[in-house]
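Participant: What shape does this take:
(chains A, B, C and D)
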4 protein chains.
Amino acid sequence: MQELPSNVDPARFAHCAEAIADAARELAALGWTPATSSNFSMRVSNDLAAITISGRDKGRLGREDIMLVDMAGRAVGTDARPSAETALHTQVYRRFAGAQAVLHTHSRTQSVASRLFARAGLIRLRGWELQKAITGYSTHESELDIPVFPNTQHMPELVAQVDTWLDAGKPLHAYLIDGHGIYTWGTDMAEARRHLEALEFLLGCELDLRRLSA
Amino acid sequence: MQELPSNVDPARFAHCAEAIADAARELAALGWTPATSSNFSMRVSNDLAAITISGRDKGRLGREDIMLVDMAGRAVGTDARPSAETALHTQVYRRFAGAQAVLHTHSRTQSVASRLFARAGLIRLRGWELQKAITGYSTHESELDIPVFPNTQHMPELVAQVDTWLDAGKPLHAYLIDGHGIYTWGTDMAEARRHLEALEFLLGCELDLRRLSA
Amino acid sequence: MQELPSNVDPARFAHCAEAIADAARELAALGWTPATSSNFSMRVSNDLAAITISGRDKGRLGREDIMLVDMAGRAVGTDARPSAETALHTQVYRRFAGAQAVLHTHSRTQSVASRLFARAGLIRLRGWELQKAITGYSTHESELDIPVFPNTQHMPELVAQVDTWLDAGKPLHAYLIDGHGIYTWGTDMAEARRHLEALEFLLGCELDLRRLSA
Amino acid sequence: MQELPSNVDPARFAHCAEAIADAARELAALGWTPATSSNFSMRVSNDLAAITISGRDKGRLGREDIMLVDMAGRAVGTDARPSAETALHTQVYRRFAGAQAVLHTHSRTQSVASRLFARAGLIRLRGWELQKAITGYSTHESELDIPVFPNTQHMPELVAQVDTWLDAGKPLHAYLIDGHGIYTWGTDMAEARRHLEALEFLLGCELDLRRLSA
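Facilitator: A predicted model of the protein is given here:
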């Protein structure tokens, strides 16, 4: 059972847990969370985030599958184990003050695109009207870079790669991990989902174009 | 709130708003309206059209997401902002006296086909039985041309491109915008949807054939 | 309204109409009947068949969308117009005494495969376990030939092409028409649907293999 | 009717029959069991397994479509005929003491992958995060081999091929049969389904990568 610290508003936690469970079920129905992969979180306060418990079936997720972690990724008020990639979620909350929701999925398109562009280290999107679905982009003539980081089972390495990108001052709205999936976020769950939906669409378009232009 | 001018039959507006919301939800379920893209309209009278309010999630559209515009694309009886591409809808109503419904969607097939055929400036369909689903076509031996116009964030340029095509006296049942999506219409919502469904199918077939004939 | 001739058992007609409407709705949900294309029939008696009325939306089909025709394809007891391709259905009932149901659909896979193999005039399937879903085939080592006939808007030509194939004594379980779709049948609706489902699957596999073996 | 031997707990049989029917309906909805293909089983005791009766439509499966067989694949307490490939199920229960559920499906991806890799005799998966969904694999850097055995209508030959692989001491979590489908299993139905879902995903990714890297 999740016990709430006294400085956590139970209504806020309930809201986050429900929004996460809703997103998880709907994204699972699209086939983007195969075989218990993927994880989802929301910021509960400056110091805490709600995140999916490790290994649960995302198609059947409920509020009881959501737990609290602090911004170092440690469980708070529960014995449950958070998703292995919790450190990547809390990094987003630490680095982006406005981020309120982080989504990590694992669609076939995302996995294949990550492998295909791993050597290049990034996917450059341009010429697509739907780039405008990413907050801050107002024209198809902009360039939207999605980095592809090498995969590793050692989380601190992944965290360091993302930090290096950010410390270089490059814009970041999402990233892929090679052979794995995508991370994206937003100032609320709706924006995070719009970003995810747009990026899945754009990656699929890029793969199709590449198949057809060969 | 949408206020209705005295010369608008409330039942007619309600009918249009409901038909638009139904179409939007069903097309969203097919994945043709990713990330709040796409917009839909119906003619309410000679001077007015009902159209989707900008930025709403097409999968959850209701009557309250539909507003009135005049044929210059200005909001009528509401403070809401119409879809950015309203000018392309009202152009269809001005140029085609019989047009009663206009659909703009944004499927992966439509987006990819628009990029692939942008240089050629059109997609020529022939040899497909389903061309007969487009009103006026009675044989697979006909040629059905779908122009692909360059994309721009400046609506008057898009409007001018469509006008140029029409002023040249060429038949037009639908058009694509590069990197973007499709516009099509009909003498009622059913015909507009039949046109859209047939064109999505035919574009998909053309892409498949190209992949397979390489 | 459909009036039933005195020699038609109303329960038999009702059974056929319902089975056809069920099949149409379920096949439409798979996307195999785009833009009011496709048609379906069942044998009601030696002399009569129940068939879909022309131009109805297959996704919303009910019993009132089914009518009677004689084996020459003429409407019986109704003013409704049968599907344009009725002659191809009644030909199956005339040539195959055991045929009780005929299905014609129009999936993207069927349309693309028909274009791709039109020049060869047939698709030869071998090596697929699922060939065993076609009645009379008991091993993946058999060869299953699906002819592809040229398309024409003149039905008697299509009928003549099928007659020529059959008169040559070649086995026939289904055929494609170029740029169009598939016809298949069975000794009851369940067998016809099993044949259709297996052929859609096998055509899709052949297209995939061709893409991948290039 | 299925009669239960006195040493079979009716609750255990009911549990297995229900879990099999649930899995069958859900996998059929994904299109992985075309045209009555595919079969599913669970271990009921050391000596008995519950398995799908031959030829039933997997999309409409209920408890009455499940029967008992002994570990030689013979029907127990019923006149029904078990799936033709029962011997492959009982082999898994004999060779893997911990196996409690066996799934055999027949998706387009599985069928196409089996044809494409038949000559190589196996598909080697590496670099995919989702390999971790297979019990015993903890990193994307591992190699996961899925053998592809030649198809035959003679079950003992298939059984012998699997035995030869196992007798050579090679790890086995799943195998494909050429032009046919996949077999996989788990220590309970949830693990078997997770394995199946992960392998379908990984095979699809491999096919996509091959298409895109050409």
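Participant: Three-state assignment for A:Val69, please.
Facilitator: Under DSSP: H, G, I helix; E, B strand; the rest coil, A:Val69 falls in the strand class.
Participant: I'd like the average pLDDT over the longest helix along chain A.
Facilitator: The longest helix of chain A (DSSP state H) is helix A:189-213. The predicted model assigns helix A:189-213 a mean pLDDT of 96.
Participant: tell me which residues of that helix are tucked away?
Facilitator: A:189, A:191-209, A:211-212 (16 or more other Cβ atoms under 10 Å in any protein chain shown). To be clear about C-beta, it is placed using only N, CA and C from the backbone, and glycine gets the same treatment.
Participant: Would that helix count as contacting chain D?
Facilitator: Yes - Helix A:189-213 is in contact with chain D by Cβ under 8 Å from any Cβ of the partner chain, via A:Leu207, A:Arg210, A:Arg211.
Participant: do the same with stretch A:162-180
Facilitator: Yes - using Cβ under 8 Å from any Cβ, stretch A:162-180 reaches chain D at A:Ile177, A:Asp178, A:Gly179, A:His180.
Participant: What residues does chain A have near chain B?
Facilitator: Neighbours of chain B within chain A, by Cβ under 8 Å from any Cβ: A:127-130, A:133, A:138-141, A:190, A:194-195, A:197-198, A:200-201, A:204-205, A:208-209, A:211-214.
Participant: mind listing the helices for chain A?
Facilitator: Under DSSP H, chain A gives helices at A:10-29, A:86-95, A:108-116, A:155-167, A:189-213.
Participant: among those, which is nearest D:Thr52?
Facilitator: Across the helices of chain A, D:Thr52 has its closest neighbour in helix A:10-29 (25.9 Å, Cβ to Cβ).
Participant: from the chain's centre, how far out does the closest one sit?
Facilitator: In this view, helix A:10-29 has its centroid 14 Å away from the chain centroid, taken as Cα atoms, centre = their mean, to the nearest Å.
Participant: Kindly calculate the angle that that helix makes with helix A:189-213.
Facilitator: 20 degrees (axes from the mean of the first three to the mean of the last three Cα atoms, to 10 degrees).
Participant: How about A:Asp57, nearest residue that isn't a chain neighbour?
Facilitator: Leaving out its chain neighbours, the residue that sits closest to A:Asp57 by Cβ to Cβ, 6 or more residues apart in numbering or on different chains is A:Thr36, at 5.7 Å.
Participant: count of residues packed around that neighbour?
Facilitator: 22 (other Cβ atoms under 10 Å in any protein chain shown).
Participant: show me what contacts it?
Facilitator: A:Gly55, A:Arg56, A:Asp57, A:Lys58, D:Ala133, D:Arg194 (Cβ atoms under 8 Å, 6 or more residues apart in numbering or on different chains).
Participant: so where's chain A uncertain?
Facilitator: Low-confidence segments of chain A (pLDDT under 70): A:214.
Participant: So which bits of it are right by chain D?
Facilitator: Counting by Cβ under 8 Å from any Cβ, the residues of chain A close to chain D are A:34-37, A:57, A:106, A:108, A:111-112, A:115-116, A:151, A:153, A:177-181, A:207, A:210-211, A:214.
Participant: Show me just the buried residues among these.
Facilitator: Among the residues of chain A next to chain D, the ones that count as buried by 16+ other Cβ under 10 Å are A:34-37, A:57, A:106, A:108, A:111-112, A:115-116, A:151, A:177-181, A:207, A:211.
Participant: Pull the contacting residues for the spatially closest residue to A:Gly127 that is not a sequence neighbour.
Facilitator: Leaving aside its sequence neighbours, A:Gly127 sits nearest to B:Gly179 (Cβ to Cβ, 6+ apart; 4.6 Å). Going by Cβ under 8 Å, 6+ apart, B:Gly179 touches A:Gly127, A:Trp128, A:Glu129, A:His140, B:Ser111, B:Ser114, B:Arg115, B:Ala118, B:Asn151.
Participant: what's the closest of the residues you listed to chain C?
Facilitator: Distances from chain C to these, taken as Cβ to the nearest Cβ, are shortest for B:Ser111 (17.1 Å).
Participant: residues in contact with that closest one?
Facilitator: Applying Cβ under 8 Å, 6+ apart, the residues contacting B:Ser111 are A:Trp128, A:Glu129, A:Leu130, A:Phe201, A:Cys205, B:Gly179, B:His180, B:Gly181.
Participant: A:Thr184 now?
Facilitator: A:Val102, A:Leu103, A:His173, A:Ala174, A:Ala192, A:His195, A:Leu196, A:Leu199.
Participant: For the third one, give me its contacts.
Facilitator: So the one you mean is A:His173. A:Ile134, A:Thr135, A:Gly136, A:Leu144, A:Ile146, A:Thr184, A:Trp185, A:His195.
Participant: coming back round to it: which single one of the contacts of B:Gly179 is nearest to B:Met67?
Facilitator: A:Glu129 (22.1 Å).
Participant: The closest one: what's its closest spatial neighbour, skipping adjacent residues?
Facilitator: Nearest to A:Glu129 is B:His180, by Cβ to Cβ, 6+ apart, at 3.9 Å.
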